[in-house]
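Asker: would you be able to build a 3D model of this:
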Amino acid sequence: MNGSHNTNAVYCGNLTEVARYQRPEMRLCGCDGYHTALWLSRGKATLAVNGETHTISSETGVIIHADAPKIIEVSDGSFGSILTLRANGDFNLPAPFLVANIPNIGEQRKLTGFMEYVANEQSKTSFGAEAASYHLAHYYFVHLVRLTKAPRDKINSGQRLMERFARLLEQNFSSGNGLSDYADTLQVTTTHLTRVCQKLNGRSATQFIHDRVFSEAKYLLATTHKPVLKIGSDLGFSSPAYFTRLFSQKTGVAPTEFRRINHPMPKPRSMVWAAAE
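Answerer: Numbering: from 1, shown residues only. The predicted structure is shown next:
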């Protein structure tokens, strides 16, 4: 690092609050230009990162590179923290995805404490607060990287295919393209792509596509006032009825009901930056 800092380069919050009240800098899906660090103190979360799905449980830290396509789903009753850091040339991560299970109580307290330090500085307006949160966030990432397992040296052909598929999907999820379109671009059969996706993610390639599309739909419904018809159209659906039917099948509620339940309401700043319980 060169000693400088960027305004609004760091965001910190309670994971369960962010899961419901996302903001552009703390999105739980897609690639938004921010490295993401998660600390799950209790509960469970499912992460699809770079084409592979992982389930993490309590006492686990995770780092996701800004360029790695991701979908993060947090189970009910889970607690933790999330820290995002704008990617730049001053700071590089050793791998797209890193995981550390941390059973040591002292280390857990250290991670929680530093997340609280960042949150506290983030909420201040006094001299040096932005610089302090920026450098504390870098330290947090470095420390968590040191606790993770070493990145794998090699990936097999199936993992390479899923990486390519995930990145292609991230670029085209709003196009309305189906399984055959992605398979053709990747120069594989739909059967092979589905087989590999099922092995690495526990679901078909079509389901994988739908997960990304509907993660975007849920984000837009919960964070914008864009009309439901416009959201469906922008995500490549040929008709509002088809979008509503598939969304209802995926989430259990219609888009309008999902928006009613999840649309953010005015809340205290302390809630936005609350540290993990």
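Asker: buried residues in stretch 135-151?
Answerer: 135-138, 140-141, 143-145, 147-148 (16 or more other CB atoms under 10 Å). (C-beta placed from N, C-alpha, C; glycine too.)
Asker: er, stretch 45-53 actually
Answerer: 45, 47-53.
Asker: would you check which pair of these lies furthest apart?
Answerer: A45 and G51 (17.6 Å; CB to CB).
Asker: show me where the stretch 1-150 of the chain has helices.
Answerer: Applying DSSP state H, counting those that start in this stretch to the stretch 1-150 of the chain gives helices spanning 15-20, 105-123, 129-147.
Asker: please report how far G61 lies from K218.
Answerer: Plainly put, G61 is 25 Å away from K218 if you go by CB to CB, to the nearest Å.
Asker: who's more crowded, these two?
Answerer: With neighbours defined as other CB atoms under 10 Å, G61 and K218 compare such that G61 has more, 26 against 22.
Asker: that one against T148, yeah?
Answerer: Yes - contact status for G61 versus T148: in contact at 7.3 Å, counting by CB atoms under 8 Å.
Asker: joint contacts of these two?
Answerer: Residues touching both G61 and T148 by CB atoms under 8 Å, 6 or more residues apart in numbering: 99-100.
Asker: just name the most buried of the helices of the stretch 1-150 of the chain.
Answerer: Across these, the average number of neighbours (mean count of other CB atoms under 10 Å) peaks for helix 15-20, which reaches a mean of 20.
Asker: packing partners for it?
Answerer: If contacts are counted by 3 or more CB pairs under 8 Å, 6 or more residues apart in numbering; DSSP states H and E, helix 15-20 sits against strand 34-42, strand 70-74, strand 79-86.
Asker: what's downstream of the helix or strand containing S248, the next helix or strand?
Answerer: Under the criterion of DSSP states H and E, S248 resides in helix 240-251. Once the chain leaves helix 240-251, the next helix or strand it forms, by DSSP H and E, is helix 255-262.
Asker: contact partners of that following helix?
Answerer: 20, 217-218, 221-222, 228, 231-232, 243-244, 247-248, 251, 253.
Asker: what about the residues you listed, which one has the most neighbours?
Answerer: Going by other CB under 10 Å, F247 tops the contacts of helix 255-262 with 27 neighbours.
Asker: list the contacts for that residue?
Answerer: By CB under 8 Å, 6+ apart, the contact set of F247 is 214, 217, 254-255, 258.
Asker: pLDDT for these - can I get that in TSV?
Answerer: Shown next, in TSV, are those (pLDDT from 0 to 100):
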residue	pLDDT
F214	96
A217	96
A254	97
P255	96
F258	94
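Asker: for those, work out which two are farthest apart.
Answerer: Using CB to CB, the two most remote members of the contacts of F247 are F214 and A254, lying 12.7 Å apart.
Asker: which one of those two is surrounded by more residues?
Answerer: F214 (23 against 14).
Asker: can you verify my assumption that that one contacts T251?
Answerer: Yes - the pair F214 / T251 is scored as a contact, 7.0 Å apart, by CB under 8 Å.
Asker: figure out which of the helices of the stretch 1-150 of the chain is closest to L193.
Answerer: helix 15-20 (29.6 Å).
Asker: can I get that closest one in PDB? Just the C-alpha atoms.
Answerer: The C-alpha trace of helix 15-20 is given here as PDB (Å, rounded to 0.1, in the frame of the first residue of the first chain):
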ATOM      1  CA  LEU A  15     -24.200  -9.800   7.800                       C
ATOM      2  CA  THR A  16     -27.800 -10.500   8.500                       C
ATOM      3  CA  GLU A  17     -28.700  -6.800   8.100                       C
ATOM      4  CA  VAL A  18     -26.800  -6.600   4.800                       C
ATOM      5  CA  ALA A  19     -28.500  -9.800   3.600                       C
ATOM      6  CA  ARG A  20     -31.800  -7.900   3.900                       C
END
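Asker: pLDDT on that helix, on average?
Answerer: Averaged across helix 15-20, pLDDT comes to 86.
Asker: next one: that helix to chain centre, how far?
Answerer: 11 Å (CA atoms, centre = their mean, to the nearest Å).
Asker: break the chain into its domains for me.
Answerer: According to automatic domain parsing, the chain comprises the domains 10-152, 157-262.
Asker: which of those has the lowest average pLDDT?
Answerer: Mean pLDDT is lowest for domain 10-152 among the domains of the chain, at a mean of 92.
Asker: quote the end-to-end distance of it.
Answerer: 28 Å (CA to CA, to the nearest Å).
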